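Visitor: everything below, folded, please.
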Amino acid sequence: MAVTVHLACSGCDATANSLRLPNGSRRARVTEALQAIAPEGWVVFDPFTAVTYCPKCWAEITDG
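Guide: Here you go, the predicted model:
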């Protein structure tokens, strides 16, 4: 079974898709599992507001 995640940034119009195969019988919380398969740099659940950000917007938030 494959998992496809479609991400949409809450700070701009950026979107990304990620297709991954499950990693055996390893279990994780949903938030950890989604972050693990997200494209590089994407923040699936911001620790403060629980929304999603693309790498550019997250850098502006954390560096700003």
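Visitor: from here on, just use CA atoms for contacts and neighbour counts.
Guide: Noted.
Visitor: Asp13: what secondary structure?
Guide: In terms of secondary structure, Asp13 is coil; the call rests on DSSP: H, G, I helix; E, B strand; the rest coil.
Visitor: what residue ranges in this structure score low on pLDDT?
Guide: Confidence mapping of the chain against pLDDT under 70 gives the ranges 1-2, 20-29, 64.
Visitor: leaving out chain neighbours, which residue sits closest to the one residue sitting closest to the centre of it?
Guide: The residue at the geometric middle of the chain, judged as the C-alpha nearest the mean C-alpha position with C-alpha atoms, centre = their mean, is Val44 (3.0 Å). Taking C-alpha to C-alpha, 6 or more residues apart in numbering, and ignoring the residues beside it in sequence, Val44 has Thr52 as its nearest neighbour in space, at 4.6 Å.
Visitor: isn't the one you found right up against Leu7?
Guide: Yes. Using C-alpha atoms under 8 Å, Thr52 is in contact with Leu7, at 7.3 Å.
Visitor: who touches both of those two?
Guide: Val44 (C-alpha atoms under 8 Å, 6 or more residues apart in numbering).
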